[in-house]
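>>> starting from these lines, generate the structure:
(chains A, B and C)
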Amino acid sequence: MGNAVDSTVYVHPTAVCESQNVGQGTRIWAFAHVLDGAVIGRGCNICDHVYVEGGARIGDRVTVKNRVMVWEGVTIEDTVFIGPGVIFTNDRYPRSRGLPEVVGRYGHKESWLVTTTVRRGASIGAGAIILAGLTIGRYASIGAGAVVTHDVPDHRVVVGNPARGIRWACICGVPLDGNLCCPRCKRRFRLQADTLVAAE
Amino acid sequence: MGNAVDSTVYVHPTAVCESQNVGQGTRIWAFAHVLDGAVIGRGCNICDHVYVEGGARIGDRVTVKNRVMVWEGVTIEDTVFIGPGVIFTNDRYPRSRGLPEVVGRYGHKESWLVTTTVRRGASIGAGAIILAGLTIGRYASIGAGAVVTHDVPDHRVVVGNPARGIRWACICGVPLDGNLCCPRCKRRFRLQADTLVAAE
Amino acid sequence: MGNAVDSTVYVHPTAVCESQNVGQGTRIWAFAHVLDGAVIGRGCNICDHVYVEGGARIGDRVTVKNRVMVWEGVTIEDTVFIGPGVIFTNDRYPRSRGLPEVVGRYGHKESWLVTTTVRRGASIGAGAIILAGLTIGRYASIGAGAVVTHDVPDHRVVVGNPARGIRWACICGVPLDGNLCCPRCKRRFRLQADTLVAAE
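From the prediction side, this is the model:
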């Protein structure tokens, strides 16, 4: 089943990989399904039971934990972490396509497909749900179980349903202290307008 | 593995379909498992990693997105949309059946099995959780990530944990404006007691 | 694929069981994956699409419903019920391991791996999310969709995001009445300090 696209790509014997665009060193684990037209970069870890649809784009060195579904219209930049069971969406007002009243709407993608971008270095906690049409900023940290209904700024930590910002995260993922300093790696930041930037 | 019950039913080579009650034109995708005794209508789309238990009933032209589990006791009427990762339940006070103190309770279904109905045209957003014993009304829209603890009236839009009503949805899925008119398809509604009905 | 470790262990033909530590009478269902180094006790029911990682420990007569992922660092005691789609976690500040700034952190487990324990007889409702580092007490009941951010005492019922205690549950799972008596099995309890204990 696993038809490796490159000798450095590992596809578990139970996985199905139909894409020809999987980068070097990427590993695709058990019962995962990567569809034709999906683009996955180098050095990614695509875990068990993951589904990547045609039209989805995943950068380099991305971790996609178990059971995540990445739909058409979702773009994940380099070195992002997508936690187990995270759910993306790409339609704000879904209905069954078998409903006569919506046949017109699903006839062309512009009338239903809404895109999502997860920017470099962000992490999305276990089981979080990302509504369609949003951008998750660089190095943002989405808490486990958050339901994200608005864009998330760079480095912002959000939690809850609906998700709200509660603090800031370092590049390394650890929450910053009250002086916007990382207690672990000692990087320092400052707020410029509402944007967190490196302190020097 | 895929033993199609009808030449117009498509079963992906990695899926397992043990039911003899799958209607014409229904498609069952990768790593899905439809058990003996499950009833699925015509023209349905049963996506990757879905699980349909014996005793579950699914109508015609229903979309069941990836990873949904449909248990015994759950009835889904025609033209419903079940979003990715939606979770149904059928037991209000679950315990392991290996716990000696509950052996009696699990001996007969009447003492634990509680039924759920999703009525025609409704949609359930990504990752929503539906507690046991509820009815989701016709054309209702359950928001992504909602945890539904009460019945949902026809056309009602609910969000949050626990889910609460915030507005009304048209048959086509789009939220109605303040005049109970659909900005997309121009259908008009009115409230009669607490029930939304067509305006003429 | 299914290499049963004991003639009394059932492994579905589509499942992958790589562990040699699965107890008598345990059943492992379709598309589940039990990794080498996972420890599973006797008489368990490991349902479809479940993932049990090396280093995870599951006791006897545990029900692990569909799609649950049990990670390294998670210990589940005897006669626990883990509902469908429940998500555990084992890293408080996850980032992609491909991010240069975290290479040091993921070099040794002590700097990221945080353990979780679910004690005897507890049940975790459908789709609940358990943050890393917590203990779920004996006979506790976690509501469906709860996001658990703090330890849960024995017998406590918690719901919501974040989860908060709302009442107490009997050993059999049924909520206690205002006199701390079980309306179903008539067991009586009392509070001693903040701990629920048998009344006798």
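>>> which residues of chain A lie near chain B?
Residues of chain A lying close to chain B by Cβ under 8 Å from any Cβ of the partner chain are A:1, A:14, A:16, A:31, A:33, A:49, A:51, A:67, A:69, A:85, A:87-89, A:93-99, A:101-102, A:105, A:127, A:129, A:131, A:147, A:161-162. Every C-beta, even on glycine, is put in place using the N, C-alpha and C of the backbone.
>>> switch the cut-off to 7 Å
Contacts of chain A with chain B, taken as Cβ under 7 Å from any Cβ of the partner chain, map to A:16, A:31, A:33, A:49, A:51, A:67, A:69, A:87, A:89, A:93-99, A:101-102, A:105, A:129, A:131, A:147, A:161.
>>> got a pLDDT number for A:A4?
If you check A:A4, the pLDDT there is 50.
>>> for A:H155, same thing?
We have a pLDDT of 98 for A:H155.
>>> give me phi/psi at it?
Dihedral pair for A:H155: phi 70, psi 0, per degrees, to the nearest 10.
>>> which residues sit in contact with it?
Shown in contact with A:H155 (Cβ atoms under 7 Å, 6 or more residues apart in numbering or on different chains): A:G137, A:Y139, A:A140, A:W168, A:A169, A:L196.
>>> do the same with A:R97
The contact partners of A:R97, taken as Cβ under 7 Å, 6+ apart, are A:Y106, B:T63.
>>> so which bits of chain A are right by chain C?
Residues of chain A lying close to chain C by Cβ under 7 Å from any Cβ are A:14, A:30-31, A:43, A:48-49, A:61-63, A:66-67, A:79-81, A:83-85, A:121, A:123, A:126-127, A:144-145, A:160-161, A:171-174, A:185.
>>> kindly recompute the last result at 6 Å.
Neighbours of chain C within chain A, by Cβ under 6 Å from any Cβ of the partner chain: A:30-31, A:43, A:48-49, A:61, A:63, A:66, A:79-81, A:84-85, A:121, A:123, A:126-127, A:144-145, A:161, A:171-174.
>>> can you say which of the residues you listed are buried?
Neighbour counting by 16 or more other Cβ atoms under 10 Å in any protein chain shown classes A:30-31, A:43, A:48-49, A:61, A:63, A:66, A:79-81, A:84-85, A:121, A:123, A:126-127, A:144-145, A:161, A:171-174 among the residues of chain A next to chain C as buried.
>>> for chain C, what's its nearest residue on chain A.
Using Cβ to the nearest Cβ, the single residue of chain A nearest to chain C is A:R61, 2.5 Å away.
>>> tell me the phi and psi of that residue?
Given degrees, to the nearest 10, the pair of backbone angles that A:R61 has is phi 60, psi 40.
>>> thought it was touching A:T79?
Yes. Here A:R61 reaches A:T79: they are 4.9 Å apart, a contact under Cβ atoms under 6 Å.
>>> between these two, what contacts are shared?
Taking Cβ atoms under 6 Å, 6 or more residues apart in numbering or on different chains as the criterion, A:R61 and A:T79 both touch C:S96, C:G98.
>>> smallest gap between chain A and chain B, at which residue?
Using Cβ to the nearest Cβ, the closest approach of chain A to chain B is made by A:G98 at 2.5 Å.
>>> follow-up on the earlier one: which members of the contacts of A:H155 are classed as buried?
A:G137, A:Y139, A:A140, A:W168, A:A169, A:L196.
>>> reformat those residues as JSON lines; add pLDDT and secondary structure.
Output for the buried ones among the contacts of A:H155, formatted as JSON lines (pLDDT from 0 to 100; DSSP: H, G, I helix; E, B strand; the rest coil):
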{"residue": "A:G137", "pLDDT": "98", "secondary structure": "coil"}
{"residue": "A:Y139", "pLDDT": "98", "secondary structure": "coil"}
{"residue": "A:A140", "pLDDT": "98", "secondary structure": "coil"}
{"residue": "A:W168", "pLDDT": "98", "secondary structure": "strand"}
{"residue": "A:A169", "pLDDT": "98", "secondary structure": "strand"}
{"residue": "A:L196", "pLDDT": "97", "secondary structure": "strand"}
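>>> among the buried ones among the residues of chain A next to chain C, which lie within strands?
Members of these lying in strands (criterion: DSSP state E): A:T63, A:F81, A:S123.
>>> looking at those residues, which is nearest C:Q20?
Within these, the smallest distance to C:Q20 is 28.2 Å, found for A:T63 (Cβ to Cβ).
>>> what count of nearby residues applies to the nearest residue to A:A163 once chain neighbours are set aside?
Spatial nearest neighbour of A:A163, excluding adjacent residues (Cβ to Cβ, 6 or more residues apart in numbering or on different chains): A:A146 at 4.0 Å. Using other Cβ atoms under 10 Å in any protein chain shown, A:A146 has 29 other residues around it.
>>> quick one: secondary structure of A:E101?
Under DSSP: H, G, I helix; E, B strand; the rest coil, A:E101 falls in the helix class.
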